[in-house]
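1. Next come a sequence and a model predicted from it.
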Amino acid sequence: MQPELEPILQDLKNTFSARVSEFCGDVCVNIDAEKIVTACQKLRDKLGFTLLSTMTAVDLWPAENPRFNILYQFTSVTANLSLGVMVDIPGTDPSLPTITGVFQNANWRERELWDLFGIKFEGHPDMRRIMMPADWEGHPLRKDYPLGYEEPQFTFNYKEIDLRKPYAKE
Amino acid sequence: MTQLQEVSVEEIKHLVSERALQGDTVLLNMGPQHPSTHGVLRLLLELDGEIVVNCIPDIGFLHTGIEKNMEAKNYAQAEVMTDRLDYLNTVGNNLAYSMAVEKLVGLDVPVRAQAIRVILVELQRIASHLIWLGTTGLDVAAMSTFLYCFREREAIMDILEMCSGQRMMTTFIRPGGLWRDVPVEFEAAVREFIKVFPRRVDEYEALLSRNPLFLDRTLGIGKVTAEQALNLGMTGPPLRATGVNWDLRKTRPYSGYEQYDFLVPTRSEGDVYARYIVRIEELRQSLKIVEQALNKLPLGPVRSNHHKFVPPPRSEIGVSMEALIHHFKLWTEGFSAPKGAVYSAVESPRGELSFYIVSDGGPKPYRVHVRTPSYDNLQALPHMAKGVLVADLVAIIGSVDIVLGDVDR
């Protein structure tokens, strides 16, 4: 761990009762879901983490509480530091407050999480699907969503498979 | 799939201005099949005459579920998917993935492999910037640059083919080192390129840098300030063009970048021209790195000899029982990584490219997330495009240098 991170982590521990973990040199703090917006505000304005590098989720299915770990990865370009912030949310009706008001690029990242994981972001200005078609059912990156496959068509079964193919019909 | 759904104005009502609903402005589709959108990017434009009032990007046409697919493959197989992310920076994607896996399992990479990695990644950066330069030239109606750029890119493609047998999808960099050592002709080919290329960069500059037509189309267009750029998550040349000196090769050196002497070009204007100048200068700096790395290319192995993770050489399998067992285990089951999660970032030609890999202790990654630079850079487009002309929008898209495979994953 870089020594510059220590006072920042101490600060986060005091204000947000964060739990700190470290693996392979990556520092990650766990905080409660309802504090995420104020934490982001503080990280950006007071602690110098002006870049939200990425936002992603991990599905822990079949575990239900918590089911999703949401990772916010922050970078400080002035102090050259990295910090992950992790939020745990349950599997039933998963939702989080949006941070688009603090980091503008969270907009597409949150849409992606809605599209691929089915996590709702309250107060998001544009909660539509982003990767999948608008009429898609299900959220593909969830662990209970099976990885599909396509049966190869050969001469002997060409017609049979063709009949089952989902073409756009008139 | 039941029925095709009509997309109505209702769904995007919150994204356009009031005037669009009254019919004062026009909604126009640009793409997904449009030569200046650099791939399958669809833009929904709200136009007041020639002026862009709102620009709504629609992505996902190239979404191939790479993250989901990687969860179903072991660590060695999953690497093949990374080539397909950003297809102009395939070697760089391999490096980013390999470094994340190496960090997760704690592998050391021999110095020769590190130096060859740097040479190949920098050559790939040059190739990627050349495509950008050529297509951006086309966007602003400079036809000839495109042809010259592709001539030089071909030399780099030949070098990659010489090493790996493939022009684009190389998978040459593997966790723990390289697939194999470079052939004997490699050094001569790279030296030839180093000899020719500086003159060629001067030629491109002579064509564009002070060309009044080019300046008209680029100066002061698509401006972003440093603060905005960071808030929008921009990285790479578009961020450096706003004056933020942030290059992971310098700030967090990896793969031996700390040994090489190079500059990180920055500009302060943050417009299309600034991004152009930054990338042109990066061409020269990358070549400088290639030359230094080639001059002090150390001898030695190119693969880690930790055979729990890296396959033993073919020659050992016939004489060593352990090698045979390792070979069998690695090609049937794959290696298991310790339980945990790593985040590892490199500087791609487009910005910060990072892999977030979660392992549950098994031979397959539990979750892989790729932070692709084009995704965030493209997200800034609506902010840069407010109030510009449609023709300038084309120049702005070109200057952000997006690769849709990188955006959609």
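-> The structure has been received and is ready for your questions.

2. what's the spacing between the residue in chain A that chain B sits nearest to and residue B:383?
-> Nearest to chain B in chain A, going by C-beta to the nearest C-beta, is residue A:105, at a distance of 3.0 Å. For every residue, glycine as well, the C-beta is placed using N, CA and C. Separation of residue A:105 from residue B:383 (C-beta to C-beta, to the nearest Å) stands at 10 Å.

3. Looking at those two, which one has more neighbours?
-> Legend: neighbour count by other C-beta atoms under 10 Å in any protein chain shown for residue A:105 and residue B:383, higher for residue A:105 (24 against 17).

4. Do any residues in the helix or strand of chain B with the lowest mean pLDDT lie close to chain A?
-> Ranking every helix and strand in chain B by mean pLDDT, DSSP states H and E puts helix B:18-22 at the bottom, with a mean of 78. No: Helix B:18-22 lies out of reach of chain A by C-beta under 8 Å from any C-beta of the partner chain, never closer than 15.6 Å.

5. and the closest residue to the residue of chain A closest to chain B other than its chain neighbours, what does it touch?
-> Of all residues not flanking residue A:105 in the chain, residue B:233 sits nearest, at 3.0 Å (C-beta to C-beta, 6 or more residues apart in numbering or on different chains). Contacts for residue B:233 (C-beta atoms under 8 Å, 6 or more residues apart in numbering or on different chains) come out as A:51-53, A:103-105, B:376-377, B:379-380.

6. and the gap between residue B:233 and residue A:8?
-> In terms of C-beta to C-beta, residue B:233 sits 21 Å off from residue A:8.

7. and if you look at residue B:234?
-> Following C-beta to C-beta, the distance that separates residue B:234 from residue A:8 is 24 Å.

8. between those two, which one's more packed in?
-> Neighbours per residue, other C-beta under 10 Å: of residue B:234 and residue A:8, the larger number sits with residue B:234, 32 against 22.

9. who in chain A is up against chain B?
-> Near chain B, when you scan chain A using C-beta under 8 Å from any C-beta, you find A:23-26, A:28, A:50-54, A:56, A:58-59, A:71, A:73, A:75, A:77, A:80, A:82, A:84, A:103-105, A:107-108, A:125-126, A:128-135, A:140-141, A:147, A:166, A:168.

10. The residue of chain A closest to chain B touches residue B:376, doesn't it?
-> Yes: assessed by C-beta atoms under 8 Å, residue A:105 is found in contact with residue B:376 at 5.0 Å.

11. Overlap in contacts, these two.
-> With C-beta under 8 Å, 6+ apart, residue A:105 and residue B:376 have common neighbours B:232-233.

12. Find the residue at the geometric middle of chain A.
-> residue A:56 (2.7 Å; C-alpha atoms, centre = their mean).

13. next one: phi and psi at residue A:97?
-> Per-residue torsions, residue A:97: phi -70, psi 150 (degrees, to the nearest 10).

14. Please list all residues in contact with it.
-> A:33-34, A:36-37, A:121-123.

15. can you check residue B:50 too?
-> B:389-391.

16. Inside helices: which ones of those?
-> B:390-391 (DSSP state H).

17. Kindly give a single PyMOL line that selects the buried subset of the contacts of residue B:50.
-> Listed next is the PyMOL selection for buried residues among these, using 16 or more other C-beta atoms under 10 Å in any protein chain shown:
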select buried, chain B and resi 390
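
18. Is it possible to get JSON lines of the contacts of residue B:50 that adds pLDDT?
-> Formatted as JSON lines, these follow (pLDDT from 0 to 100):
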{"residue": "B:389", "pLDDT": "90"}
{"residue": "B:390", "pLDDT": "89"}
{"residue": "B:391", "pLDDT": "87"}
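
19. hmm, back to that, just the pLDDT for the residue of chain A closest to chain B.
-> The model reports residue A:105 with a pLDDT of 90.

20. From residue B:403, how far out is it?
-> Distance from residue A:105 to residue B:403, by C-beta to C-beta: 18 Å.

21. Let's have the contacts of residue B:233 in a markdown table, adding distance to residue B:100 and secondary structure.
-> Formatted as a markdown table, the contacts of residue B:233 follow (distance: C-beta to C-beta, whole Å; DSSP: H, G, I helix; E, B strand; the rest coil):
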| residue | distance to residue B:100 | secondary structure |
| --- | --- | --- |
| A:51 | 19 | strand |
| A:52 | 20 | strand |
| A:53 | 14 | strand |
| A:103 | 23 | coil |
| A:104 | 27 | coil |
| A:105 | 22 | coil |
| B:376 | 19 | helix |
| B:377 | 21 | helix |
| B:379 | 23 | helix |
| B:380 | 26 | coil |
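
22. sorry, back to before: and for residue A:105 and residue B:383, which residues touch both?
-> With C-beta under 8 Å, 6+ apart, residue A:105 and residue B:383 have common neighbours residue B:232.

23. Show me the helices in chain A, by range?
-> Using DSSP H, helices in chain A cover A:5-16, A:36-45, A:106-117, A:158-164.

24. from the ones you listed, which stretch is densest packed?
-> helix A:106-117 (a mean of 23; mean count of other C-beta atoms under 10 Å in any protein chain shown).

25. what helices or strands is it leaning on?
-> In this structure, helix A:106-117 makes packing contacts with strand A:51-59, strand A:120-122, helix B:373-379, judged by 3 or more C-beta pairs under 8 Å, 6 or more residues apart in numbering or on different chains; DSSP states H and E.

26. okay, the ones you listed in a markdown table with mean pLDDT and distance to residue B:255 next?
-> Supplementary listing: these in a markdown table, determined by pLDDT from 0 to 100; distance: least, C-beta to C-beta, whole Å:
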| stretch | mean pLDDT | distance to residue B:255 |
| --- | --- | --- |
| strand A:51-59 | 91 | 20 |
| strand A:120-122 | 90 | 37 |
| helix B:373-379 | 91 | 18 |
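
27. Of those, give the one that comes closest to residue B:143.
-> helix B:373-379 (25.4 Å; C-beta to C-beta).
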